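1. could you work out the structure for the sequence below:
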Amino acid sequence: MSRQLVLKREAKVERQESSYVEQIDVVLLTRKKETVTAVRDALKDSSVGRLVKVCKDLTEFRAQLSKVIGAADSGVAIVDIDGVSEHFLHELSKLTSAYVTIRFLAVATQFSEKLVLEAMQAGARHFLRESSIASELDTVLKTLFAYELETPVWPGKVVLVLSCSGGCGATTVAVNLANELQLLTAKQVLIIDLDSHYGSVGPYLGLQGDYGIAHVLCRDGVIDRHLIETSVVSYADGLDILLSPAVAAADKLDELKYENLGRAVAVCRESHDYVVIDAPRPPKRTLADLASVSQVALVVFQLTIKDVDFARSTISFLTDHGISRDRIIPVANRVWKRGPLLKLRDSQRAIGADSIYSIRNNLRKAVKSINRGRPLASVAKWTKLRHDFCKLATIVHRLASNE
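-> So this is what the prediction gives:
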């Protein structure tokens, strides 16, 4: 064996050993005490992994994947699949697609060929019988993390923008937030316009195109990066748009197949560092799916009784479906210092939020931005309104990056 090859192998071993210095966070999903005990005992003296949370249901599990493991962009999720339903495996497949840097391990009392196949299709990377956890779990963790790609591809961050009423300015928030994120990070940002009725993102930026998000979601076969890259319309270097079917010429008769949205978002995260989803009125099931894959959610409303009440119920729904409350930003748009609308303090108390991010009202500059088909950074660079969006982008970037 050549001297050079020996040195390369020794260097590789050193890198592997050094990777074990910082322990890997492990989250466990099970209702069985004996499984908890087995995993805890297996990791008690482990130099590789540490058990940080035991979850009893999928809702708690989603929140922990986002809050605990997501902070390190790596980790292990151990899932007990004894007696689970088809719906459970379907929900698990969404999580494995959303958290591609996390290794999912399935454990069960006994494995059948059918159960193993279903777990593999849901995205499990390894399988353990419960009787083997104590003796094999530490070795399995070392195996899973021993061979990392030299240049790993971290998935992009998903930012969900929700509207509490028509005309509250959610699209203005989505467009300017995406543009400011691109300017702030100098990375690839994608806006997905899920408004099938009006599709305001395209007209806001003066964009037209043949294909958009409906073309992607109507795909019966594989949804891959090539499909995304050939469907987006580029506004500027680093800022792409997946147009609404209301705007895309070839998609006008296509409906949004929301059941494919999870797969599409997962692929978009491979090609873009930030995916901003303008989702004004998604169905409840779709909103739950988006909540499970989003790192940050913005709930945009105006200071009216109707909007504040809707914001409160929306935030409650999001927390029930996987987004921790500290990653939900209530955004009060078009705020006047004086006027007939509700006060910020009263609205904050009604929503039950620790704070509300407010964007001041400057209708003249906002309309100028829309009429010229350009974000505020291009037409009103030094205004206080644009400053509000710069600050919002910084907050979103910090939350999404877990800093």
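
2. give the other helices and strands that the helix or strand harbouring V216 contacts.
-> Secondary structure from DSSP states H and E places V216 in helix 213-217. Counting contacts by 3 or more Cβ pairs under 8 Å, 6 or more residues apart in numbering; DSSP states H and E, helix 213-217 packs against helix 225-231, helix 261-271. All C-beta spots, glycine's among them, are computed from the backbone N, C-alpha and C.

3. any chance of those in a markdown table, plus distance to K284?
-> Conversion of those to a markdown table gives the following (distance: least, Cβ to Cβ, whole Å):
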| stretch | distance to K284 |
| --- | --- |
| helix 225-231 | 26 |
| helix 261-271 | 14 |
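
4. deepest of those, which one?
-> helix 261-271 (a mean of 21; mean count of other Cβ atoms under 10 Å).

5. which strands or helices does that helix pack on?
-> Counting contacts by 3+ Cβ pairs under 8 Å, 6+ apart, helix 261-271 is packed against helix 86-98, strand 157-163, strand 189-193, helix 213-217, helix 225-231, strand 274-279, helix 284-293.

6. would you map the strands across the chain?
-> With DSSP state E as the criterion, the chain has strands at 24-29, 49-55, 75-80, 102-108, 126-129, 157-163, 189-193, 233-236, 239-242, 274-279, 296-301, 328-335, 357-360.

7. the longest one: partners in the sheet, and parallel or antiparallel?
-> By that I understand strand 328-335. If you go by DSSP bridges, strand 328-335 pairs up with strand 296-301 (parallel), strand 357-360 (parallel).

8. L385 is in contact with A377, correct?
-> No. Here A377 lies out of contact with L385, judged by Cβ atoms under 8 Å, at a distance of 10.8 Å.

9. which one's more surrounded, these two?
-> More crowded of A377 and L385, by other Cβ atoms under 10 Å: L385, with 20 against 16.

10. where does the prediction get shaky in the protein?
-> Residues of the chain that meet the criterion pLDDT under 70 lie in 1-22, 67-73, 146-154, 339-340, 403.

11. spit out the contact partners of Y211.
-> By Cβ atoms under 8 Å, 6 or more residues apart in numbering, Y211 lies in contact with 230-231, 243, 248, 250-251.

12. residues touching the spatially closest residue to Q188 that is not a sequence neighbour, list them.
-> Once flanking residues are discounted, Q188 sits nearest to H272: 4.5 Å by Cβ to Cβ, 6 or more residues apart in numbering. Contacts for H272 (Cβ under 8 Å, 6+ apart) come out as 156, 188-190, 240.

13. how near is H272 to G373?
-> Counting by Cβ to Cβ, to the nearest Å, the gap from H272 to G373 is 22 Å.

14. got it, and A98?
-> With distances taken as Cβ to Cβ, A98 is found 33 Å from G373.

15. rewinding a little: the helix holding V216: how far from the chain's middle?
-> Remark: helix 213-217 is offset 19 Å from the chain centroid, using Cα atoms, centre = their mean, to the nearest Å.

16. same check, this time on stretch 100-110
-> Relative to its parent chain, stretch 100-110 has a centroid offset of 21 Å by Cα atoms, centre = their mean.

17. ok, residues contacting it?
-> 30, 35, 65, 69, 73-82, 92, 95-96, 115, 119, 122-131, 133, 140, 144-145, 152, 154-155, 266, 269.

18. rerun that using 6 Å as the cut-off
-> Defining contact as Cβ atoms under 6 Å, 6 or more residues apart in numbering, one finds that stretch 100-110 is touched by 69, 73-82, 96, 119, 123-128, 130, 144, 155.

19. how about stretch 281-298?
-> For stretch 281-298, contacts defined as Cβ under 6 Å, 6+ apart pick out 62, 94, 98, 157-161, 258, 262, 265, 318, 321-323, 327-329, 331, 396, 399-400.

20. can you pull the buried residues of that stretch?
-> Neighbour-count burial for stretch 281-298, counted by 16 or more other Cβ atoms under 10 Å, picks out 282, 286-298.

21. again with stretch 309-324
-> Counting neighbours by 16+ other Cβ under 10 Å, stretch 309-324 gives 310-312, 314-315, 317-319, 321-323 as buried.

22. nothing else from me, thank you.
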